[in-house]
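A.B. asks: need a structure here:
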Amino acid sequence: MTKYGTKSGMASTSESTTPSPTPQIMSDASPLSITCHKLNGKNFLPWSQSVFMYICGRGKEEFLTGSASQPEFTDPNYKKWKAENNQVMAWLINSMIPEIGENFLLYPSASEIWDAARESYSCSDNTAELFAIESAVHDLRQEDSTVTEYFSTLTRNWQTIDLTETHDWKCSKDEKLFRSFIENKRVFKFLMGLNNNFDDVRGRILSTNPLPNLRAAFSVVRQEESRRKVMLGSSPQSSDNSALVVQRQNNPSTTDVTAHQGFRQGQPPNNTKGKMIPGRPWCEFCKKPTHNIDSCWKIHGKPLDWKPARERRAHSAVSEQPPSTAAPFTRTIGCSPEVILPAYDAIFCHRNG
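C.D. replies: Numbers count the residues shown, from 1 in each chain. From the prediction side, this is the model:
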């Protein structure tokens, strides 16, 4: 008699012992595009860092360093090495733009591709690129950027400098002192590049003893920026404009003084331009105040002794009434028919009306 329980138990045992795919095998089947930083000849540093992190996460960094040497053809592990090596090669080539990736298609191993890319595109030995980075850091200011954007730009450039500059330290204490010195210099640079509206928080940080590190200084300034946004509800520039508007509202005479100064300089205020002002001279010819038709410059020209306003004494005003003995004019009535007829009509109406 068949014992189904036993068979069922045997079947379940055989199913439980069936090996399942390992996570490593599944990771090898991941997409070939392993980073958003495709090597284009100018971004070797972010490309190399992101690619190295990805390949290390897959446990295959020895194919980049060269420690996974090629076995003999007769070695049983040769087929496995070849498959993994080609997998890493595919990752590297597909992380480059086509114009660059095509140059590495015929390389036999992933370590050779890695070394060739570093020799061709690394800026560690490129003095001109390092000089450009140092210049960009030196000239960088916050200006219209937020504190976070300004700090992130500085940090990216400093990380590039740190990765390209290598030092062989004989003493670990000297290395620690040097890094502390560089940290303080970078705190100074960060604070110097801030806008003037952060003078108060900048002073508080500089008065702290010992000087906080770069991340702590950034945190203090960022919190101050957030506090101002919450309390003022706008940027410092707009708050300055609001203060100016309040000042004008509290001192309305400012606009009146400005209008009065413009009138004294021969330019009537905008609300009286082209209108007759009671008690003031009025020209019937040019329809403007401050003079009459007998002294209109459009008819008679400017006086011979007339000088520009900049040559007069400061704050001198043009006389509202023409002098009793006016200087000769530079233009005569009979100079042009276009001027004669309207001028005679205006003078006739003025004297007979």
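A.B. asks: would you mind measuring the gap between the ends of stretch 69-89?
C.D. replies: This stretch, stretch 69-89, spans 14 Å end to end (CA to CA, to the nearest Å).
A.B. asks: how near is E225 to R204?
C.D. replies: Using CB to CB, to the nearest Å, one gets 14 Å for the distance from E225 to R204. Every C-beta, even on glycine, is put in place using the N, C-alpha and C of the backbone.
A.B. asks: which one's more surrounded, these two?
C.D. replies: Between E225 and R204, counted using other CB atoms under 10 Å, E225 has the larger neighbour count: 20 against 12.
A.B. asks: part of a helix, is the more buried one?
C.D. replies: Yes: the assignment for E225 by DSSP: H, G, I helix; E, B strand; the rest coil puts it in a helix.
A.B. asks: where does C123 land in three-state SS?
C.D. replies: Per three-state DSSP, C123 ends up coil.
A.B. asks: for it, which residues are in contact?
C.D. replies: By CB atoms under 8 Å, 6 or more residues apart in numbering, C123 lies in contact with F44, L45, E129, L130, T160, T164.
A.B. asks: right, and the last one touches L130 too?
C.D. replies: Yes: T164 is within contact range of L130, at 6.2 Å (criterion: CB atoms under 8 Å).
A.B. asks: one step back: now for the contacts of C123: which two are most distant?
C.D. replies: The largest separation in the contacts of C123, counting by CB to CB, is between F44 and L130 at 13.1 Å.
A.B. asks: show me what contacts D199?
C.D. replies: Here D199 is in contact with no residue (CB under 8 Å, 6+ apart).
A.B. asks: what helix or strand does it sit in?
C.D. replies: Assigned by DSSP states H and E, D199 belongs to helix 199-206.
A.B. asks: so for that helix, mean pLDDT?
C.D. replies: Helix 199-206 shows a mean pLDDT of 93.
A.B. asks: show me what counts as buried in that helix.
C.D. replies: Buried residues in helix 199-206, counted by 16 or more other CB atoms under 10 Å: V201, R202, I205.
A.B. asks: any low-confidence regions in the protein?
C.D. replies: Along the chain, the model assigns pLDDT under 70 to residues 1-33, 124-126, 233-277, 307-353.
A.B. asks: pull the lengthiest helix in it out as PDB, backbone CA atoms only.
C.D. replies: With secondary structure taken from DSSP state H, the chain has its longest helix at helix 172-192. Extracted C-alpha coordinates of helix 172-192, given in PDB (Å, rounded to 0.1, in the frame of the first residue of the first chain):
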ATOM      1  CA  SER A 172      50.000  61.100  11.100                       C
ATOM      2  CA  LYS A 173      50.100  64.100  13.400                       C
ATOM      3  CA  ASP A 174      51.300  66.400  10.600                       C
ATOM      4  CA  GLU A 175      48.500  65.100   8.400                       C
ATOM      5  CA  LYS A 176      46.000  65.900  11.100                       C
ATOM      6  CA  LEU A 177      47.400  69.400  11.600                       C
ATOM      7  CA  PHE A 178      47.400  70.100   7.800                       C
ATOM      8  CA  ARG A 179      43.800  69.000   7.400                       C
ATOM      9  CA  SER A 180      42.800  71.200  10.400                       C
ATOM     10  CA  PHE A 181      44.500  74.100   8.700                       C
ATOM     11  CA  ILE A 182      42.800  73.500   5.400                       C
ATOM     12  CA  GLU A 183      39.400  73.200   7.200                       C
ATOM     13  CA  ASN A 184      39.800  76.600   8.800                       C
ATOM     14  CA  LYS A 185      40.800  78.200   5.500                       C
ATOM     15  CA  ARG A 186      37.700  76.800   3.900                       C
ATOM     16  CA  VAL A 187      35.500  78.100   6.600                       C
ATOM     17  CA  PHE A 188      37.000  81.600   6.000                       C
ATOM     18  CA  LYS A 189      36.300  81.200   2.200                       C
ATOM     19  CA  PHE A 190      32.700  80.100   2.800                       C
ATOM     20  CA  LEU A 191      32.100  83.100   5.100                       C
ATOM     21  CA  MET A 192      33.800  85.600   2.800                       C
END
